[in-house]
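Colleague: My questions concern the predicted model and sequence given below.
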Amino acid sequence: MPKSIAPFPMTRLRRTRKMGALRDLVRENELSVNDLIWPVFIREGHDDETPIPSMPGVSRLTIDRLVAKAAEAYALGIPAICLFPYTSQEARTLDCAQAWSADNLSNTAIRAIKDRVPELAIMTDVALDPYNINGHDGFVVDGEIMNDETIEALVKMTLAQAEAGADIIGPSDMMDGRVGAMRRALEADGHRNVSIMSYSAKYASGFYGPFRDAVGASGALVGDKKTYQMDPGNADEALRLVERDLSEGADMVMVKPGMPYLDICRRVKDAFGAPTFAYQVSGEYAMISGAANNGWIDGEKVMMESLLAFKRAGCNGVLTYFAPAAAKLLNE
């Protein structure tokens with residue numbers, strides 16, 4: 001950047017804002033449908049969906065409904081979806097064995113979607129919290145979240161998802177060393193082309209509340225996740241975590257939450273140049289949707305502005321519950 005520009009009136013920065021054609025010509029960042037990953041929630045049952053009160057407009061979908069929605073998303077040009085299962089408290093166990101069952105909700109959904117829309121990329125979630133009676137991402141022993149024992153379970157979960165047809169594995173657990181263990185297991189098991197998008201900089205945030213409602217974890221969680229998710233006050237640590245995950249075989253990295261951590265997105269992209277994504281999490285979505293539903297903001301304008309902010313911060317793409325609505329506007 002030059003340190004100085006010609007003085008007024010030789011320089012009038014408003015000249016290129018004069019009309020839409022000029023604004024389009026000089027725009028630095030663009031949002032496209034190709035930048036969107038759509039997170040979706042799965043539930044048991046048939047031909048039904050359950051609205052999530054804390055996430056207006058978002059529902060838990062039975063697999064048949066999900067397959068239809070996935071086909072619609074692909075028709076809109078959305079390149080990928082990310083699956084999250086809803087598990088009742090009664091179905092959760094201490095050993096979390098359902099997490100790597102070939103017939104669990106996520107793996108069954110992967111196969112069903114691939115049968116209908118094979119070209120749609122499917123991303124999965126790798127963490128034990130949907131299956132853990134304690135609501136934690138890892139095994140809990142005497143109040144401690146166990147790192148190494150959890151990794152063994154996450155590897156089994158990873159292989160089951162890859163076998164079902166997942167394209168992108170998304171470890172969201174924040175255990176130390178899990179990316180390397182997953183990558184070695186995928187290579188050894190013949191899944192060499194399965195990508196890993198690591199939740200590398202995942203903060204212990206208050207913005208996850210509606211998500212925990214969506215997956216049935218709000219009442220299950222015992223304690224908090226501060227011993228494995230990041231302190232919101234830390235930024236340099238995020239770079240160390242990203243560097244570690246890339247060195248262990250992550251293909252893409254993620255910052256979560258999104259908008260409150262745009263500074264982290266920018267620093268990650270500048271430092272590593274790796275494919276960088278952000279998750280516009282449930283709390284961010286709920287705030288925008290809630291304000292829009294009350295008439296306090298223009299929902300469409302704020303939605304699109306918020307998504308463009310991720311591109312401006314250096315992200316290659318964003319996981320967002322707004323994906324279908326944003327795709328329709330972008331296609332127009």
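Modeller: Yep, that arrived.
Colleague: how near is N294 to P56?
Modeller: From N294 across to P56, the span is 10 Å (CB to CB, to the nearest Å). Quick note: C-beta positions are derived from backbone N, CA and C, even for glycine.
Colleague: got a pLDDT number for V318?
Modeller: Per-residue pLDDT puts V318 at 98.
Colleague: ignore the last one, I5
Modeller: 88.
Colleague: and it, what helix or strand is that in?
Modeller: Under DSSP states H and E, no helix or strand contains I5.
Colleague: Tell me who's in contact with it.
Modeller: T11 (CB atoms under 8 Å, 6 or more residues apart in numbering).
Colleague: What does it show for phi and psi?
Modeller: Main-chain dihedrals, I5, degrees, to the nearest 10: phi -130, psi 170.
Colleague: related to what we said a few turns ago, more neighbours: N294 and P56, which one.
Modeller: P56 (16 against 9; other CB atoms under 10 Å).
Colleague: Please name every helix or strand in contact with the helix or strand of the chain with the lowest mean pLDDT.
Modeller: In the chain, no helix or strand scores lower on mean pLDDT, DSSP states H and E than helix 209-214, which sits at a mean of 85. With contacts defined as 3 or more CB pairs under 8 Å, 6 or more residues apart in numbering; DSSP states H and E, the packing partners of helix 209-214 are helix 282-293.
Colleague: Other residues contacting the helix it packs on?
Modeller: Residues outside helix 282-293 that contact it (CB under 8 Å, 6+ apart): 54-58, 205-211, 214, 257-260, 297-299, 302-303, 306, 320-322.
Colleague: Strands - which of these land there?
Modeller: Judged by DSSP state E, those include T320 as members of strands.
Colleague: Drop the exposed ones from the contacts of helix 282-293 and show what's left.
Modeller: 54-58, 205, 207-211, 214, 257-260, 297, 299, 302-303, 306, 320-322 (16 or more other CB atoms under 10 Å).
Colleague: L31 touches M304, doesn't it?
Modeller: Yes. Between L31 and M304 there is a contact under CB atoms under 8 Å: 7.0 Å.
Colleague: Could you tell me which residues touch both of the two?
Modeller: A326.
Colleague: if you count what's nearby, which of those two comes out ahead?
Modeller: More crowded of L31 and M304, by other CB under 10 Å: L31, with 20 against 17.
Colleague: what number of residues lie near the closest residue in space to that one that isn't next to it in sequence?
Modeller: Spatial nearest neighbour of L31, chain neighbours left out: L308 (4.9 Å); criterion: CB to CB, 6 or more residues apart in numbering. When neighbours are defined as other CB under 10 Å, L308 has 16 of them.
Colleague: quick one: average pLDDT of the helix or strand harbouring L308?
Modeller: Assessed by DSSP H and E, L308 sits inside helix 299-312. If you average the pLDDT over helix 299-312, you get 98.
Colleague: Run through the neighbouring helices and strands of that helix.
Modeller: Using 3+ CB pairs under 8 Å, 6+ apart: helix 299-312 touches helix 262-272, strand 276-280, helix 282-293, strand 317-320, helix 323-331.
Colleague: Would you enumerate the residues in contact with F207?
Modeller: 257, 260, 281-284.
Colleague: confidence score at it?
Modeller: So, for F207, pLDDT stands at 94.
Colleague: Just the local confidence number for the residue nearest to it when sequence neighbours are not counted, please.
Modeller: Using CB to CB, 6+ apart and skipping residues adjacent in sequence, the residue nearest F207 is G283, 3.3 Å away. G283 carries a pLDDT value of 96.
Colleague: gap between G283 and L221?
Modeller: For G283, the distance to L221 equals 15 Å [CB to CB].
Colleague: Which one of these two is surrounded by more residues?
Modeller: The neighbour comparison of G283 against L221 (other CB under 10 Å) goes to G283, with 20 against 14.
Colleague: Any regions of the stretch 201-332 of the chain where pLDDT drops low?
Modeller: Scanning the stretch 201-332 of the chain for pLDDT under 70 picks out 217-220.
Colleague: Share the number of residues neighbouring S195, please.
Modeller: For S195, using other CB under 10 Å, the count is 16.
Colleague: give me every residue that touches it.
Modeller: 167-169, 251-252 are the contacts of S195 under CB under 8 Å, 6+ apart.
Colleague: Could you check the pLDDT of it?
Modeller: For S195, pLDDT reads 98.
Colleague: circling back to that earlier point, list of residues touching the helix holding L308?
Modeller: In contact with helix 299-312 (CB under 8 Å, 6+ apart) are residues 28-31, 35-36, 258-259, 262, 265, 278, 280, 284, 288-289, 291-293, 317-318, 320, 322, 325-326, 329.
Colleague: Noted, bye for now.
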